[in-house]
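A.B. asks: Sequence first, predicted coordinates after that:
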Amino acid sequence: MKNTTQQFLKDTGAQVPIVCGPMYPGSNPELIAAVSDAGGFGVVQPVALTSLYGHDFREGLQLIKKLTNKPFGVNFTIFGGANKKYHEQMKKWMEISIEEGVKFFLTSLGKPHAIVKIAKQHDIKVYHDVPNKKVALAMRDAGVDGLNCINWRGGGQTGIQSAEQFMEELHNIEIPLICAGGIGNADDLQKVLDMGYAGAQLGTRFLATHECKVTNSYKQAIVDSTEEDIVWTNKIAGNNSSVIKTPDIMRGGLRTGPIISYMLKKRKLKRYARMYLMSRGIKNYSKTAFDDSVQFWQAGKGVGNIKSVESVADVVKEFAGVAAL
């Protein structure tokens, strides 16, 4: 086992180097607990936990702790000053996470410097989502403990470069690199471990499990889809999101109109455009969790290797069997 994989397992407390990435919808507490309990590592998406699945944040964390005695993490999306209300809410969620003994934060989008400072005071590990080498190096210098490399095969808000390019550019960075995108089965995990990654983040694979609280039609769509069924749209978050091609997705086209497109090109307006798009996207995704007739289905290009809806335990068992471990 590589030193970076050993470090990643130490940082998370997992036994198998796979993360159930934060998802909206999909990150219900039963799923997070099941992944960690089986030996992987579950990460809470706070908005999904509270707004979608209806849990008080502290009580949601406590529920996960009742369902498993294994560690799990929490994701914090950093919007800076674009949404002061969310920023204050995030600070409260972080305080609660610390009080409840969470020892791993996954940060996204903005600059995590303040979070890293607080985390180090409480012996909490911080990994950060990165889209390219420039951001990766900046985040390393900010003091994060590992990097979640978002490649172009991922579901939801996807990346802009390949897993191979990340590894070519960052192989000497000396902190764990996690491959996020396109991991559908154990063979996919083996490939990225062989490339040099410390582990992998999975989303789509865990959506198609019995413990995940999304509609059965969503789960079956993942099983039935191939890589060719995945399309990109920027109408959900301002950057490319990877989704299954459905009539709901294709209605009105895959790209934003002229006004939003203009705002997305302007540095001072971009974050407001993204907040607007994400608020609309969340409304559609919220329906996806409970209404079989709504077909806003995020998924990555690993769908072709997902053949059935299974229990989380069986999924993690498959990944635990890769030769590199």
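C.D. replies: Thanks, I have it.
A.B. asks: quick one: low-confidence parts of the stretch 201-325 of the chain?
C.D. replies: Applying pLDDT under 70 to the stretch 201-325 of the chain flags residues 323-325.
A.B. asks: where do the helices sit along it?
C.D. replies: 204-207, 216-224, 247-250, 258-265, 267-290, 312-320 (DSSP state H, counting those that start in this stretch).
A.B. asks: Out of those, which is the most enclosed?
C.D. replies: Stretch with highest mean neighbour count among the helices of the stretch 201-325 of the chain: helix 204-207 (a mean of 29; mean count of other CB atoms under 10 Å). Quick note: C-beta positions are derived from backbone N, CA and C, even for glycine.
A.B. asks: What helices and strands are in contact with that helix?
C.D. replies: Judged by 3 or more CB pairs under 8 Å, 6 or more residues apart in numbering; DSSP states H and E, helix 204-207 is in contact with helix 216-224, helix 312-320.
A.B. asks: ok so, going back, could the helices of the stretch 201-325 of the chain go into a markdown table alongside distance to residue 114?
C.D. replies: A markdown table is the format used below for those (distance: least, CB to CB, whole Å):
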| stretch | distance to residue 114 |
| --- | --- |
| helix 204-207 | 30 |
| helix 216-224 | 36 |
| helix 247-250 | 36 |
| helix 258-265 | 26 |
| helix 267-290 | 17 |
| helix 312-320 | 34 |
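A.B. asks: quick check: domain ranges of the protein?
C.D. replies: Following automatic domain parsing, one finds the domains of the chain at 3-214+306-320, 216-290.
A.B. asks: tell me the most buried of these?
C.D. replies: Of the domains of the chain, domain 3-214+306-320 is the most buried (mean count of other CB under 10 Å), at a mean of 20.
A.B. asks: Start and end of it, how far apart?
C.D. replies: In domain 3-214+306-320, first residue to last residue: 17 Å (CA to CA, to the nearest Å).
A.B. asks: could you point out where the stretch 51-200 of the chain is predicted with low confidence?
C.D. replies: By pLDDT under 70, the weakly predicted segments of the stretch 51-200 of the chain are 80-83.
A.B. asks: for it, what spans make up the strands?
C.D. replies: 73-78, 104-109, 125-130, 146-150, 156-157, 177-180, 199-202 (DSSP state E, counting those that start in this stretch).
A.B. asks: Quick one, which of those gets closest to residue 288.
C.D. replies: Closest approach to residue 288 among the strands of the stretch 51-200 of the chain (CB to CB): strand 156-157, 11.9 Å.
A.B. asks: Which strands or helices does that closest one pack on?
C.D. replies: Contact partners of strand 156-157 among helices and strands, from 3+ CB pairs under 8 Å, 6+ apart: strand 241-244.
A.B. asks: And the contacts of the strand it packs on?
C.D. replies: Identification of contacts with strand 241-244 by CB atoms under 8 Å, 6 or more residues apart in numbering yields 153-158, 221-222, 225, 229-234, 236, 249, 281, 295-301, 303.
A.B. asks: just stretch 257-270 next, same as before
C.D. replies: For stretch 257-270, contacts defined as CB under 8 Å, 6+ apart pick out 234, 238, 255-256, 272-274, 276-277.
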